[in-house]
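In: Here is my input, please return the structure:
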Amino acid sequence: MSSTHWAVILADAGAVAGVLVAGAAARFAQLSNRKSITVASTMAAVEVDRRSAERVPRLSARLESWGNGSDNLLLSVWLETSEALARIRVVVQEARNMDGPIGFRPGQIGVGHELPWPPEQDELEGVLPAWRPDTLRPVADWEKRMPPGTAAVWGMDLRRTADMAGGCSAIRLKALCWADRDSETWEVAVPVTISDRAKELINDACKHSDR
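Out: Below you'll find the predicted structure:
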């Protein structure tokens, strides 16, 4: 075979190799681009979740007796985090009927005289049937804007079924929170600190309960 033929074969082989290398490079670039897009999308989703988690409000509550020698109770719910809320709704939670010893006094701002039944809103999940004939209410709304460090305040009383309730350990609250700057909402548990006098009143009312 002449040197000319070898030159042609080698040239053709070089061209084929070039095409293969170019194709492999293009494929590698395509895969790298897809991987970069996937990583970027994942990182963006993580950042969105992080920012969303950072916005979840944290509330704390304090329950205390209202006035010297009074059996009335006062609940203050404080916004502990840095983002203002447009409003909140606080709901008394129970593990079973009549387990909770206290409720909100109807007629004050944010506490209705009637309880819609059956409770259809998601935020009323956990409101049990014994509340229907009760003179107190398990739900209270605070319609005012809440800047950080401020409190929503309501009066509460012992339920007439307190002698069948679970005492201070059965007091559990949750809150529905509406963001002030957009349409975001959250549902959060609200830890409650109870003053010594309030504990005395509640536990005394529940001392005959077997719960």
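
In: which residue ranges form the helices in this protein?
Out: 3-55, 196-205 (DSSP state H).

In: ok, of these, where does mean pLDDT dip lowest?
Out: Lowest mean pLDDT within the helices of the chain: helix 3-55, at a mean of 62.

In: who are the neighbours in contact with N72?
Out: By C-beta atoms under 8 Å, 6 or more residues apart in numbering, N72 lies in contact with 65-66, 155-157. Backbone N, C-alpha and C define where each C-beta goes, glycine included.

In: The same query, at a cut-off of 7 Å, please.
Out: 65-66, 155, 157 (C-beta atoms under 7 Å, 6 or more residues apart in numbering).

In: Just the buried ones out of these, please.
Out: The neighbour count (16 or more other C-beta atoms under 10 Å) marks 65, 157 as buried among those.

In: could you dump the contacts of N72 to a markdown table with pLDDT and distance to L79?
Out: Listed next are these as a markdown table, based on pLDDT from 0 to 100; distance: C-beta to C-beta, whole Å:
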| residue | pLDDT | distance to L79 |
| --- | --- | --- |
| S65 | 93 | 23 |
| W66 | 82 | 21 |
| G155 | 97 | 20 |
| D157 | 95 | 25 |
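
In: TSV for the contacts of N72, including distance to R55?
Out: What follows is the contacts of N72, written out as TSV (distance: C-beta to C-beta, whole Å):
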residue	distance to R55
S65	35
W66	33
G155	31
D157	34
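
In: and of the contacts of N72, the nearest to C168?
Out: Nearest to C168 among the contacts of N72 is S65, at 12.9 Å by C-beta to C-beta.

In: Could you give the number of residues near the nearest residue to R96 once chain neighbours are set aside?
Out: Closest residue to R96 in three dimensions, ignoring its sequence neighbours and counting by C-beta to C-beta, 6 or more residues apart in numbering: L128, at 7.1 Å. The tally of other residues near L128 (other C-beta atoms under 10 Å) stands at 17.
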